[in-house]
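1. Here is the input, now give the coordinates:
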Amino acid sequence: MHEKWYLQTKKADFEEISQKFNISTITARLIRNRDIVGYENIEKYLKGSIDNLSSPWLFKDMDKAVDILQIKISDESKIRIICDYDVDGICSGYILHRCLKELRAMVDIVVPHRIEDGYGINERLIKQAYDDGIDTILTCDNGIAAIRQIEYAKSLGMTVVVTDHHEVVFEEIDDEKKYVLPKADAIINQKQKDCDYPFKELCGAMVAYQFMTALFETMDRGKNYVRGLLPYAAMATVCDVMELQGENRIVVKAGIEALKTNNDTGINALIEICKLNKRNIEAYHFGFVLGPCLNASGRLDTAKKAMELLECQDKELAFTLAEKLKRLNDERKELTETGTKEAVRIAEKIHEKVLVIYLKDCHESIAGIIAGRVREQFHKPVLVLTDAMDGVKGSGRSIENYDMYAELSKVKELFTKFGGHRMAAGVSLPKENIEVLRRSLNENCNLTEEDLYLKVWIDMQLPLEYVTMNMIEELKVIGPYGKGNEKPVFAEKNLKVNKIQILGKTGNVLRLTIENSHCYRMTAMVFGRAIDFMAFVKQRFGQSEIDKALKGEKNNIEIMATYYPKINEYNGNSQIQIIIERFC
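-> Have a look, this model is predicted:
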């Protein structure tokens, strides 16, 4: 993968912003770099709360959906929620199920099996619901593309309410998009062309959250109960890799705060099993610790186990369920590492802009994770395909300049099933279509060589001596960090590496003693890229210089690096250090 480093040069009166909002000019510059301009927007960015979310009544069909559920609850009609098996699906289903039970609805929930059912609602689940005497089906995190399936449910006389956040299905006729909606009784999805909800990038759990907010308001139940479920909406937002901008950033920030006082047995058991401090949880822990444990059940077993944990009220049972999910996630990690190595080996031999990788023995549930890892390494759109019960299934992960959903739509005749959005997609297809798919995607691809360079945007060149305890503490106002609101990226050049220490069981962590041109020293850590760092240093300066640095002797190693500052707390002592992320 090739990289190009760019220094942000966006202009503003940083001194004036600093004084008005009582922040440093460094923080003021970081906010401007995130395209937050104007005093009103800066105020929202710094102090935005859950009260700043748009009204749920702006969703198209919200009034219809609320009226339907009010009547069904009053008539004691049987309602069945059908969610998805990923974190967003589990959390959106949990929010709906818990709220409707609180309103005394006759409601249950079904979590489809990833392999037996595949993504979304299907005819088998609909027939099963009909046979069980279900009157109303309520989807979450799926349904917008279920044209045929919902038509079948309606033919059985069932009521169907869709809540979803995925792209609306369309057909291109004479270079114009013709959108096709399922014939549900109500559809709540901000992606509909004539939906007035202003923020279009909500995840499925947030659509469910806003739906329940409107329903509780109509039934005079207030906001507090639904707001208690913000941690689940926040976790889904992070795990579904939504941009942490606007309403999403507000939700994640509020959800992290709400989690600190959350007493739900299931999620607290998982937090404890994962050895996390609830007071210090960040968006990172949603995306890379807690979320993957919930996801692992749907990947390697059944997502029902994740739902059982969230709904569990018995502490002892909750710990048993949490331990099972943690073990499944550990197993998933091992499978992912093996699959990623094989996928990278294959990708290294492919000289195309869109990587279509067939891994025969890969567990279909981890194809998306592997695609993401390969995408990170090569900075190309990636589809990882593997054998499934009926043909081939796979997942794709994309880069900024490649709309994966739109490109797959151009060859949709090759698929038995597909869906997704700009940055990710899921597909099913006959095995004989793999080569046709690879060829078609690359022949239609308009990515340039420039698009395939990873653009590393540096917020500012910041000398090490500017990094202080107060500065690091103030950086918290920029968070939570994630896609669309990344951690600040600082850079420093002419850094002498006075000493190298190799740490960790696998030797993939480095502790460096570095010194800048002003003779200011600091500890720097390199996590996960120790092998890359040592290979770079060896190529540039030679093994003899590495040997000197390992002994702490004077050497000629000098680098430029991007970094993020952090306070390291150990045995009651606090020390400033920087985390080196990239180097040259």
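
2. ok, Leu215 - how many residues close by?
-> 24 (other CB atoms under 10 Å). C-betas here are computed from N, CA, C, even on glycine.

3. After the strand or helix carrying it, which helix or strand is next?
-> Secondary structure assignment for Leu215, by DSSP states H and E: helix 204-218. Reading on from helix 204-218 to the C-terminus, the next helix or strand found by DSSP H and E is helix 224-227.

4. wait, what's in contact with Val289?
-> 274, 276 (CB atoms under 8 Å, 6 or more residues apart in numbering).

5. so is it in a helix, a strand, or just coil?
-> At Val289 the chain is in helix, as set by DSSP: H, G, I helix; E, B strand; the rest coil.

6. if I look at it, how far off is Thr506?
-> 19 Å (CB to CB, to the nearest Å).

7. so what does the helix holding Leu215 touch, helix or strand wise?
-> helix 62-75, helix 87-102, strand 136-140, strand 159-163, strand 186-188, helix 224-227, helix 230-239, helix 246-259 (3 or more CB pairs under 8 Å, 6 or more residues apart in numbering; DSSP states H and E).

8. for the ones you listed, which one sits closest to Gln539?
-> Closest to Gln539 of these, according to CB to CB: helix 230-239, at 36.9 Å.

9. What helices and strands are in contact with that closest one?
-> Applying 3+ CB pairs under 8 Å, 6+ apart, we find helix 230-239 packed against helix 87-102, helix 204-218, helix 246-259, helix 291-300.

10. contacting residues for the residue sitting nearest the centre point of the chain?
-> Central residue check for the chain by CA atoms, centre = their mean: the C-alpha nearest the mean position is that of Val241, 2.2 Å away. Residues near Val241 by CB under 8 Å, 6+ apart: 287, 423-424, 482-483.

11. Show me which of these is closest to Pro112.
-> Ala424 (18.6 Å).

12. Mind listing the residues bridging to the nearest residue to that closest one once chain neighbours are set aside?
-> Among residues not flanking Ala424 along the chain, Arg397 sits closest, at 5.6 Å (CB to CB, 6 or more residues apart in numbering). According to DSSP bridges, the residues that bridge with Arg397 are Val382, Ala424.

13. Run a quick check on Arg397 versus Ala371, I expect a contact.
-> Yes. Contact criterion CB atoms under 8 Å: Arg397 and Ala371 qualify, at 4.3 Å.

14. so which of the helices and strands packed on helix 230-239 gets nearest Met307?
-> Using CB to CB, the nearest of the helices and strands packed on helix 230-239 to Met307 is helix 87-102, at 5.8 Å.

15. How far off centre is the closest one?
-> Its chain's average C-alpha position is 19 Å from that of helix 87-102, according to CA atoms, centre = their mean, to the nearest Å.

16. Let me know the angle separating it from strand 136-140.
-> 140 degrees (axes from the mean of the first three to the mean of the last three CA atoms, to 10 degrees).

17. Which neighbouring elements make contact with helix 87-102?
-> strand 78-82, strand 106-110, strand 136-140, helix 204-218, helix 224-227, helix 230-239, helix 291-300, helix 304-311.

18. out of these, which comes closest to Cys519?
-> Distance to Cys519, taken as CB to CB, is lowest for helix 230-239 among those, at 40.9 Å.

19. Just put the helices and strands packed on helix 230-239 in CSV and tack on distance to Phe490.
-> Output for the helices and strands packed on helix 230-239, formatted as CSV (distance: least, CB to CB, whole Å):
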stretch, distance to Phe490
helix 87-102, 31
helix 204-218, 32
helix 246-259, 21
helix 291-300, 28
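
20. can you redo these as a markdown table with mean pLDDT?
-> Formatted as a markdown table, these follow (pLDDT from 0 to 100):
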| stretch | mean pLDDT |
| --- | --- |
| helix 87-102 | 97 |
| helix 204-218 | 98 |
| helix 246-259 | 97 |
| helix 291-300 | 81 |
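
21. So for Asp67, which of those sits nearest?
-> Nearest to Asp67, of all those, is helix 204-218, at 8.4 Å by CB to CB.
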